[in-house]
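J.: Kindly return the folded structure for what I paste below:
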Amino acid sequence: MNTKVLPRKKKEFSKKKKMAGNSEDPNLEGSDDSAEEEQQMMLGEPSIGVGVEQIPPLEIPEMSLDPEAIEIDLTHRRVEKIEGLESLRCVEALCLRQNQIKKLENIGTLTTLTEVDVYDNDITKIENLENLVNLEILDLSYNKIRKIENMETLTNVKKLFLVQNKIPHIEKVTHFQQMTMLELGSNRIRKLQNLDALCNLDSLFVGKNKISKIENLDKLTKLRVLSIQSNRITKLEGLDALKNLEELYISHNGIQTIENLDNNLELTTLDLAGNRISRLQHIVHLIKLEEFWFNDNNLENWRDLDQLNKATSLATVYFERNPIAKDPRYRSKVKMALPKVMQIDATYCQQV
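T.: Below you'll find the model as predicted:
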């Protein structure tokens, strides 16, 4: 129960009050109740009594659902159970974000659904979705799911979000041949596997897991974005077949050497921040680079910046918290080495 304490004068403690506090007469100023109230005030605890207004909890009004509605948004409405949706005949998008739902249920009749969002609930199992054959977008992020399962009939899903769950394995995804985006960040995955059938995958996000090796990606020839940040990668490898890769995010790992990017000529963004790399090398051929993030590494040699000279579209570079950044002329030297760059770290060049 929320409480609002009204303004009141600060009470002064005196020997008289302390002595009166030992009296059994409740009418005395220093009675036990008063002493207890004063103690609560000293401890910063709200007291409920004279001068205190109790504010009732916010009541969320009931929502009447239009049977013809195309979109239903029940975000943050303290929903504990999915129910009462059977009347929806045309609904295509159902949003149940930030509620207290523990189970996926009672939506099997909503076969017109193309998008379901139950982000940030208390769901522990993927179930009861087999009838939603038209589903294209499914967001089950920020729940307590431990296994990818029970989605074999959802062959039309294009985007699947399972961020921040408790999933240890990539499994039972071979039927997602239409999928273009798979988001598995912040789970407990240790190995990249069982992805061969995802031939149309455009973007794969597996950051903040426990992956120690880049592998088993050869069949993902349409992959354009790969994010594998904050894992346990120590070697840059396994990317040879990804000739269409445009964005590679592999920051905050344990990589020591830039290598094995010979076939990734389409790269426009390369994020190698937060690794243990001391030299810029083997990237002179990446002439389409627009963004190069290399902060928090061990770069000491200014001449290594020549590796980026042929990237004529390079607009942004990050080198902060490298040894070269300690140079008093750090920004001017970066600009001299890469004259077409428009942003150095978080500062635009016209502000340098």
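J.: Spell out which residues make up each domain of this protein.
T.: 2-55, 67-198, 233-352 (automatic domain parsing).
J.: What segments of the stretch 51-200 of the chain are strands?
T.: Applying DSSP state E, counting those that start in this stretch to the stretch 51-200 of the chain gives strands spanning 52-55, 71-73, 93-95, 115-117, 137-139, 159-161, 181-183.
J.: Partner strands of the fourth one and their direction?
T.: Spelled out, it's strand 115-117. strand 93-95 (parallel), strand 137-139 (parallel) (DSSP bridges).
J.: And it, what's buried?
T.: Buried positions in strand 115-117, judged by neighbour count with 16 or more other CB atoms under 10 Å: 115-117. For the C-beta atoms, the positions are set from N, CA and C on the backbone; glycine is no exception.
J.: out of the strands of the stretch 51-200 of the chain, which comes closest to Asn194?
T.: Proximity to Asn194, assessed across the strands of the stretch 51-200 of the chain by CB to CB, is greatest for strand 181-183 (11.2 Å).
J.: who does that closest one pair up with?
T.: Partners of strand 181-183 in the sheet, by DSSP bridges, are strand 159-161 (parallel), strand 203-205 (parallel).
J.: Can I get the domains of the chain in a markdown table including mean pLDDT?
T.: Shown next, in a markdown table, are the domains of the chain (pLDDT from 0 to 100):
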| stretch | mean pLDDT |
| --- | --- |
| domain 2-55 | 49 |
| domain 67-198 | 97 |
| domain 233-352 | 96 |
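J.: Just put those in TSV and tack on distance to Val206.
T.: Conversion of these to TSV gives the following (distance: least, CB to CB, whole Å):
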stretch	distance to Val206
domain 2-55	42
domain 67-198	5
domain 233-352	10
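J.: Which one of these lies nearest to Val225?
T.: domain 233-352 (4.5 Å).
J.: what ranges do the helices span in the stretch 201-350 of the chain?
T.: Counting by DSSP state H, counting those that start in this stretch, the stretch 201-350 of the chain has these helices, from start to end: 330-337.
J.: Strands of that one, residue ranges please.
T.: With DSSP E, counting those that start in this stretch as the criterion, the stretch 201-350 of the chain has strands at 203-205, 225-227, 247-249, 269-271, 291-293, 316-318, 343-344, 347-348.
J.: for those, which one sits closest to Leu65?
T.: Per CB to CB, nearest to Leu65 of the strands of the stretch 201-350 of the chain: strand 203-205, 33.4 Å.
J.: quick one: average confidence on that closest one?
T.: Averaged across strand 203-205, the pLDDT comes to 98.
J.: Identify the residues contacting it?
T.: 163, 180-185, 195, 217, 220, 223-227 (CB atoms under 8 Å, 6 or more residues apart in numbering).
J.: now Leu236: how far from Tyr142?
T.: Per CB to CB, to the nearest Å, Leu236 is found 31 Å from Tyr142.
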